[in-house]
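>>> dropping a prediction and its sequence here:
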Amino acid sequence: MANAGTGPLGRSGEQGRMVSLLAQTSSDTGASGAAVAAGIAAYFAFIGIFIVAITTFYVFLAYMVAKKAGYNPLIALIILFRARTSSC
């Protein structure tokens, strides 16, 4: 038993370094999780802004069509509501 004082990795110093390495790599999950959450929030904010822009464009388009056809331009809001609730 020439290596009676050594650890399971062959040298006594490597075991201590391995434990500290594991401790250092596992403590960074908080910052990583925050970065993922920020990315998801930015994605949904972009999608929300995109949906609002498309809806606004659709109402403007329906307003212009109703105005050109001689109807009350506020009927565009009814057209928007009808388009959202139609089953076909």
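Thanks, I have the structure now.
>>> and the lengthiest helix in the chain, what other elements does it pack with?
Scanning the chain for the longest helix, with DSSP state H as the assignment, gives helix 29-69. Counting contacts by 3 or more CB pairs under 8 Å, 6 or more residues apart in numbering; DSSP states H and E, the secondary-structure elements packed against helix 29-69 are helix 75-85. No exception for glycine: its C-beta is placed from N, CA and C like everyone else's.
>>> list the helices and strands the helix it packs on packs on?
Using 3+ CB pairs under 8 Å, 6+ apart, the elements in contact with helix 75-85 are helix 29-69.
>>> any idea of the mean pLDDT for the helix it packs on?
For helix 29-69, the per-residue pLDDT values average out at 90.
>>> what's the angle between that helix and helix 75-85?
Relative orientation of helix 29-69 versus helix 75-85 (axes from the mean of the first three to the mean of the last three CA atoms, to 10 degrees): 130 degrees.
>>> burial count for K67?
The burial count assigned to K67 is 14, neighbours taken as other CB atoms under 10 Å.
>>> right, and it touches I75 too?
No. Counting by CB atoms under 8 Å, K67 stays clear of I75, with 9.3 Å between them.
>>> on the three-state scheme, P73 is what?
Reducing the assignment at P73 to three states with DSSP: H, G, I helix; E, B strand; the rest coil gives coil.
>>> what pLDDT does the model give it?
For P73, the pLDDT comes out at 82.
>>> distance of the closest residue to it other than its chain neighbours from A45?
Beyond its immediate neighbours in the sequence, the residue positioned closest to P73 (CB to CB, 6 or more residues apart in numbering) is K67, lying 4.4 Å away. With distances defined as CB to CB, to the nearest Å, the gap from K67 to A45 amounts to 33 Å.
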